[in-house]
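Chemist: dropping the sequence and predicted coords here.
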Amino acid sequence: MRLVALSTALTLSLASTALADDPVRIGVLVTLSGPPAVLGEHARDGVLLAEKALGGKVGGREVEIIVVDDEGKPDVAAQKARELVESDGADFVIGPTFSNIMTAIAAPVTQGGAILVSPNAGPSNFAGKDCNPDIFVASYQNDQMPQVLAEHMNRQGIANVYLLAPNYQAGQDSLNGFKAAYKGEVAGELFVPLGQLDFSAELAQIAATQPAAVYAFMPGGMGVNLVKQWGQAGLSSIPLMSAFTVDETTLPAEQDAALDMLTGSNWAPDLDTPGNAEFVASFRQDYGRVPSIYAMAAYDALMLIDSAVKAAGTEDRDALRAALKAADFPSLRGEFAFSTNNFPVQDFYLTKAIKDDEGNYRTSVVEKVFTAAADSYVGECPMK
Amino acid sequence: MFNLFLLQLLNGAQFGVLLFLVAAGLTLVFGIMDFINLAHGVLYMVGGYVMAMMMGTTGNFWLSLALVLPVTLAVGLVLELLVFRRLYDRSHLDQVLATFGLVLVLSELVRILWGSAPLSVAMPEILSGSVPLAGPMRYPVYRLAVIGVGLGVALSLWFVIARTRVGMLLRAGAANRSMVSALGTDINRLFMLVFAAGAMLAGFAGAIVSPILSVDPGMGDSILILTFVVIVIGGVGSVKGAFCAALLVGIVDTLGRMFGPILLKSLMDPAAAAQAGRTIAPMLVYILMAAVLFWRPAGLFGRAVAR
Amino acid sequence: MTDLTQTLARPRARLAGRLKLALCLFAVLAVVPPLAHAAGEPFLIVVATRMMVFAIAALSLDLILGYGAMVSFGHAAYLGLGAYAVAILSRAGIDDLVLQLLAAMAASALFAAVTGAISLRTRGVYFIMITLAFGQMAFFFFVSFSTLGGDDGVALPARSTVLGLPLLEGAQGMFYATLALLVAVFAGLYRLTLSRFGRVLTGTRESALRMQAIGFRPFPYQLTAYVIAGCLCSVAGVLLANQAIYVSPAYMSWHRSGEMIVMLVLGGVGSLTGAMAGALVTIALEEGLARFSDHWRLGFGLVLVAVALFSPGGLSGLLRRLGLVRDAT
């Protein structure tokens, strides 16, 4: 796929004037190798499924999707982003998976004249002071998921909570986001080294404190370890509520250990919105697994681009930005709009892990927690 | 507080035993054959994946565990025949290059075969409970079993090395390879045996921990460095050293993480102490290693290495 | 193994062939930008820049690993120190490349002097692991460094300036600045390895005991080499930060240190040209293979295994056996 794209880009870059019947070029820059590759795979598959659903056309024009692996390294990502924009002539870049890579590729993509649509990462600086007219975040702002759980705990009258996260930027942001919204008492907070395998010490500390609930942000393999060790340590009586810890990418490994655990999310496979059931069914058919929010947001990202290109083309940049901002596309999440900072205004749900009738482990909507919620940094963004 | 301290001590020791299970095979291969095997971590990963696959087909924990042993032994033998055998006489750097390459190849093969998503291994029913300790604190039965297995492996390794004829040959081979060869022992067969046993131990460790830790393509990476830390602190080639160092690393890491911030709070204001505690916690193991090597440049139980 | 007297004799002949090869390499690199433009692939300039950045890093590692037999598994720390020198100074309003280079080298020299003095108490694999320990400490320090973005890293406002001029702004400027620094580092190391200092260092590689017997205490030589290697690697860090316009602790993870060793061994240790070739080939393989498949690491791994098995001494060993380079050893 990549080679074809390259050779076309080569022939086309000779006649660099973009014509209206030129294909729309879209780079997909996600992490596809190394341990965290599964999130990137979901995102890539989400984009490809959307392309298929659109009949191989975006905005009614031919489309060229160029999938690139950022190897999980920010400097590699910065270089590949530049290559996508400068050499392959990408009009849009869908990516990245992780926040640290977002910081690395934002400038190369936007300064190179392309538009960045994030299918996952939504760091606070891009929602606030570093907001950018050429960056659209199709997923969420990082703080919002913990705030869903904080709000849920406020409503449940949970008096004190223990916090657990890895010691890196996203972990600190997540706990700060939680504390900003939570009204009860913080019984304790622990930061574990990134990549820690064994949680027995933390679990003993939690058992000794006996908090009313625990909030954890523990992505990927760390989350799997935490969830598996949770029940084994005899802590099942304390509710473990988490963000990015129990989802369709980790549930295949957590299985029964995660059942009934609560998570905050903007979507779940059984969310009752137009087109969602079809999306889940065709994703499962094509890729053999239940889609996650990473797949969903990437699917939405391409649909968003499709709607904007259809309305405004790619020539007039201001018109294109306005068309993107209008977010006039059928989101799998139902109601979807952009705030002034180009971050979504959307509903958030409490979800829980279940085993469905077909034996798949997935998340399921419990209740709506926020309606049409914007993030809390929008005021710091100078864009109007 | 004292109860909690004891419990955390137990947790630390338990984590140490876990590390020892992986480190035991590596320190044998490294110490006896003077071979730097970066691929030891992926053999551990292969053990985890084979376990997950066997569990998927047989559904029986004990049967799967029993099947992991011959499979990882076979993987070890094949690798020895194809790759390692040609590298025994070469420099450490060539070994690093080859085994680093193997890490990439095997990790990618695992991803192709089983995908990138983490897999799960269910715990056997009989070991899945937890036993009460002080107050509301409980301790998982499975972890007690892991401690038992770790101790068992340590004892049997010690027995084999110190008390059997094979062990004697191994010690002799490590000390002077050509002499043992000249005395009529097929040293290459001996090395093949050691390597295959090391691979099997790594695979066994991967299988044993799979009900506690996630089975994913990164599991070998994350354990490899810790394993090297353990065998270097203990002194390369010393099973006794690896065992003590594993316990030491487990306990220092666990207690430091839990009680370091509390100690720091008595020295500085709480916010700064929390920040400092979080910064230092992941470094603790490395600070420990640097300190040990500063005072004892060949590890706790290592012989001074001739260059 | 070389006889000590032979090592101490000026190994001019051995290096002459290598020097020619290196000069050819520089000449080829110098014409990459016009060729890339002519071929309609200007992006190759950026890839070539990255190759040269890592060639500088590999050269610096070769001084200690190849010539001094000190296998450092924490060398990426200097890459990170160089990069963070750029980030910290540019935040303080100092954008000048020369000042940033000086600051990076000073910081690296200090770090290398302290950690090197401790590490050099150990030998062999213990040295490998203690350098890893110091590298990891530096890594975790920057991961926790929240004011500079911690693990997320920090984007730079712009590339550094040279005497107030934005020479690095374009891909070509960045390329030629990197090439100039690469040539400078190579020339410096070439002189250094031929000097008395270099010969004593090589002597300690062959036999520290015998060097001691003829009156050279290895420690000061080894430590000096370690400090120089750290300083030179920080130059690569400064360039890497400028090329990506972004700085992150990921530059100094142990994976990076491992990759640098692999580059060097692939090219051939103890040969400056080999070090550069190793870096170039590694980046080229990564870039090239990644275009074919997500599973490119499989192919890359197979290449490494094959080189290790069938070509002792890496690529320069291969050249030697093909008779392209004469070699005394």
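Modeler: Perfect, thanks for sending it.
Chemist: could you pull up the residues touching whichever residue of the stretch 151-300 of chain A sits closest to chain C?
Modeler: Using C-beta to the nearest C-beta, the closest approach of the stretch 151-300 of chain A to chain C is made by residue A:168 at 3.6 Å. The way it works is simple: take the backbone N, C-alpha and C, and place the C-beta from them, glycine included. Taking C-beta atoms under 8 Å, 6 or more residues apart in numbering or on different chains, we find residue A:168 in contact with A:194, C:143, C:150, C:151, C:152.
Chemist: those: which ones sit near chain B?
Modeler: Contacts with chain B within these, counted by C-beta under 8 Å from any C-beta of the partner chain: A:194, C:143.
Chemist: need the contacts of residue A:168 in TSV (columns: secondary structure, pLDDT and neighbour count).
Modeler: Formatted as TSV, the contacts of residue A:168 follow (DSSP: H, G, I helix; E, B strand; the rest coil; pLDDT from 0 to 100; neighbours: other C-beta atoms under 10 Å in any protein chain shown):
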residue	secondary structure	pLDDT	neighbour count
A:194	coil	77	16
C:143	helix	88	27
C:150	helix	83	22
C:151	helix	83	23
C:152	helix	84	27
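Chemist: format the contacts of residue A:168 as JSON lines; extra columns: distance to residue C:82.
Modeler: Shown next, in JSON lines, are the contacts of residue A:168 (distance: C-beta to C-beta, whole Å):
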{"residue": "A:194", "distance to residue C:82": "23"}
{"residue": "C:143", "distance to residue C:82": "17"}
{"residue": "C:150", "distance to residue C:82": "19"}
{"residue": "C:151", "distance to residue C:82": "19"}
{"residue": "C:152", "distance to residue C:82": "19"}
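Chemist: which of the contacts of residue A:168 sits closest to residue C:71?
Modeler: Distance to residue C:71, by C-beta to C-beta, is smallest for residue C:143 among the contacts of residue A:168, at 24.7 Å.
Chemist: so that closest one versus residue C:241, what's the distance?
Modeler: Note on residue C:143: its distance to residue C:241, by C-beta to C-beta, to the nearest Å, is 17 Å.
Chemist: cool, residue B:35 as well?
Modeler: In terms of C-beta to C-beta, residue B:35 sits 38 Å off from residue C:241.
Chemist: next one: residue C:295
Modeler: Counting by C-beta to C-beta - residue C:295 and residue C:241 are separated by 31 Å.
Chemist: residue C:226 now?
Modeler: Where residue C:241 is concerned, residue C:226 sits at a distance of 23 Å (C-beta to C-beta).
Chemist: before we move on, what about residue A:34?
Modeler: Taken as C-beta to C-beta, the span from residue A:34 to residue C:241 is 22 Å.
Chemist: for stretch B:219-226, which outside residues touch it?
Modeler: A:35, A:195, A:197, A:221, B:19, B:22, B:38, B:40-45, B:48, B:103, B:107, B:206, B:213, B:249, B:285, C:132, C:136, C:254.
Chemist: let me see the contact set for the residue of the stretch 101-250 of chain C found nearest chain A.
Modeler: Of all residues in the stretch 101-250 of chain C, residue C:151 sits closest to chain A, at 3.6 Å by C-beta to the nearest C-beta. With contacts defined as C-beta under 8 Å, 6+ apart, residue C:151 is in contact with A:100, A:168, A:169, A:170, A:194, C:143, C:248, C:249.
Chemist: same question for residue A:249.
Modeler: Residue A:249 neighbours (C-beta under 8 Å, 6+ apart): A:38, A:39, A:42, A:220, A:292, A:294, B:117, B:118.
Chemist: how does it look with 7 Å?
Modeler: A:38, A:39, A:42, A:292, B:117 (C-beta atoms under 7 Å, 6 or more residues apart in numbering or on different chains).
Chemist: just confirm yes or no for stretch A:56-66 near chain C.
Modeler: No - judged by C-beta under 7 Å from any C-beta of the partner chain, stretch A:56-66 makes no contact with chain C; its nearest approach is 10.4 Å.
Chemist: quick check: residue C:70 is in a helix.
Modeler: No - the assignment for residue C:70, made by DSSP: H, G, I helix; E, B strand; the rest coil, is coil rather than a helix.
Chemist: thanks a lot, catch you later.
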